[in-house]
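1. fold the stuff below for me.
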Amino acid sequence: MLKRAKKYYSNSEFTRNVVTLMTGTTIAQAIPIAISPILTRIYTPDDFGVLALFMAITAITGAISNAKYEQAIILPKNNNNSINILVLGIAISFLFSLFLLIIVVIFDEKIAILLGNIKIKNWLYFVPISTLFLGIFNSLNFYNIRHKKFKNIAKSQVTKSTSLAITQIGIGFFKNGPFGLILGQIMSYLSGNYMLFKTLKNTENYKKVINNNDIKKLSKKYKKFPFFSLPSVFLNVINLNLMNILISSFFSVTTLGFFSLTQRIIGIPSRVIGNSLSQVYFQKATQEYHNTGKTYRVFIKTLKKLVIIGFPIFLILFFIAEPTFAFVFGEKWRIAGTYAKILVPFAFIRFVSSSLSNTIDVHQVQQVGLIINLILLLTVIISFYFAKIFNISFIHLLLFYSVILSIEYIIFIYLYFIISKSKK
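-> All right, here's what the predicted structure looks like:
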């Protein structure tokens, strides 16, 4: 009986880790959602549009700030090596943020004009610091995943959301404009880093194992990450955020404000469930890959969980989107609910596909991810090109975008499945 219980406990580790992350992430996501009706009444759609543009920029810069070495932290068998990779990633992030600051000081106005929104000019100076905090957060997050400190990750998510909410509401009541929204994002990363740093701090003699020669060797050993993962992730994050930049340029910052709320709401399942499953899947898939040279079993298991959990959630969201947006956020936000209804089917498919995309990193075939993200980037650019040429409305653009990318993401899921079956 004792052996059976022990075996069950071991087998359920995946589920327990996912539940731990989901609990923290659910609370973390519940906080900004709970305050959204307040924010939509003290900030304007234009303010949300500026925030969306700012976050699009920092999402792009933050995603590449570590040269993607943070994803290599989880791979070495030797923990000393993982610490040296962590230091490497953070050092690169510092240098990259300094470079961004120089660029902003010299070209702030030109960048704002290029983005099609002069209002973003003054907020560009917050990009380097936000990029640095985000880069550190990404590195510490993967270090916590490596050590299965999922409780710390969950706590950091809650801490981030709490500081975000306090800052955005507090400043919003006393100061007009997007300042409170932007500062809230920066404060959230800073507080999240504090929680995640505890795992490294509690690692015995972590400072003594840091070695410049080891860092150089490891940077060469895992060079596929900057050579293939970096451009791949850069393209991916461009795909996810280029639309915000193009909406501001091709349509208006107000339209972007409505669309940003749409993204915030329909992205909840991915942030709460998808990210949790993805992080645990990465750790378990790496373990299976070391043992068997494949990731097929954990891939199928995770795929089933994603579909079973995600389908009913997105189905309900499809039917209640429009009236819910109008009731919760105010009648002027109903159009955001219309956008949500159009994008829900695609959001579900991406929810499944994105959570399984770590298969590429585990099998170290980053060149495949590079091709995938190049395809996605071309799809976004072509969609907006045709919208401009044929004077297509924003709603019709969303319909086209949703259908085409849904087909592409289904193909990507099948591709990840094929990779999971391939041997080391």
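2. below-threshold pLDDT in the stretch 101-250 of the chain: ranges please.
-> 204, 228-229, 232 (pLDDT under 70).
3. kindly report the same for the stretch 301-424 of the chain.
-> 424.
4. count of neighbours near the residue nearest to residue 364 when sequence neighbours are not counted?
-> Excluding the flanking residues, the one nearest residue 364 by C-beta to C-beta, 6 or more residues apart in numbering is residue 224, at 6.0 Å. (Each C-beta comes from the backbone N, C-alpha and C, glycine too.) Neighbours of residue 224 under the rule other C-beta atoms under 10 Å: 16.
5. next one: residue 342
-> Counted with other C-beta under 10 Å, residue 342 comes out at 22.
6. now swap in residue 255 and tell me
-> 17.
7. any idea which element it lies in?
-> In this structure, residue 255 sits in helix 253-266 according to DSSP states H and E.
8. thinking again about what came up before, surely the residue nearest to residue 364 touches residue 363?
-> No. If you go by C-beta atoms under 8 Å, residue 224 and residue 363 don't touch, sitting 11.1 Å apart.
9. hmm, residue 43 and residue 173 touching each other?
-> No. Contact criterion C-beta under 8 Å: residue 173 and residue 43 do not qualify, at 10.6 Å.
10. and these two? Which one has more around it.
-> Comparing residue 173 with residue 43 by other C-beta under 10 Å, the one with more neighbours is residue 43, at 20 against 10.
11. for the more buried one, give me phi and psi.
-> phi -120, psi 150 (degrees, to the nearest 10).
12. quick one, what contacts it?
-> Shown here is residue 43, whose contacts under the criterion C-beta atoms under 8 Å, 6 or more residues apart in numbering are 172, 178, 180, 181.
13. and the pLDDT at it?
-> Residue 43 is assigned 87 on the pLDDT scale.
14. for residue 105, see how far away it is.
-> Distance, residue 43 to residue 105, using C-beta to C-beta, to the nearest Å: 28 Å.
15. what's the single longest helix in the chain?
-> If you go by DSSP state H, the chain has its longest helix at helix 79-114.
16. contacting residues for residue 421?
-> Going by C-beta under 8 Å, 6+ apart, residue 421 touches 294, 296.
17. ok, 6 Å please
-> Residue 421 is in contact with residue 296, counting by C-beta atoms under 6 Å, 6 or more residues apart in numbering.
18. domain ranges for the protein, per the record?
-> 13-221, 223-424 (automatic domain parsing).
19. before we move on, the earlier item: what helices or strands is the helix or strand just after the longest helix of the chain leaning on?
-> Following helix 79-114 in sequence order, the next helix or strand is helix 127-146 (DSSP H and E). On a contact count with 3 or more C-beta pairs under 6 Å, 6 or more residues apart in numbering; DSSP states H and E, helix 127-146 meets helix 45-64, helix 79-114, helix 179-201.
20. what angle do helix 127-146 and the first one make with each other?
-> So that's helix 45-64. 60 degrees (axes from the mean of the first three to the mean of the last three C-alpha atoms, to 10 degrees).
21. relative to helix 79-114, how tilted is helix 45-64?
-> On the basis of the same axes, to 10 degrees, helix 45-64 is oriented at 140 degrees to helix 79-114.
22. which non-adjacent residue is nearest residue 412?
-> Spatial nearest neighbour of residue 412, excluding adjacent residues (C-beta to C-beta, 6+ apart): residue 353 at 5.0 Å.
23. which secondary structure element is home to that neighbour?
-> Counting by DSSP H and E, residue 353 is found in helix 334-356.
24. mind checking what helix or strand follows that helix in sequence?
-> Along the chain past helix 334-356, the next helix or strand (assigned with DSSP H and E) turns out to be helix 358-362.
25. going along the chain, name the helices of the stretch 301-424 of the chain.
-> 334-356, 358-362, 366-389, 394-421 (DSSP state H, counting those that start in this stretch).
26. and the last one, how far out from the chain middle?
-> For helix 394-421, the separation from the chain centroid amounts to 18 Å (computed by C-alpha atoms, centre = their mean, to the nearest Å).
27. which residue packs closest to residue 156, ignoring adjacent ones?
-> Excluding the flanking residues, the one nearest residue 156 by C-beta to C-beta, 6+ apart is residue 195, at 3.8 Å.
28. okay then, goodbye and thanks.
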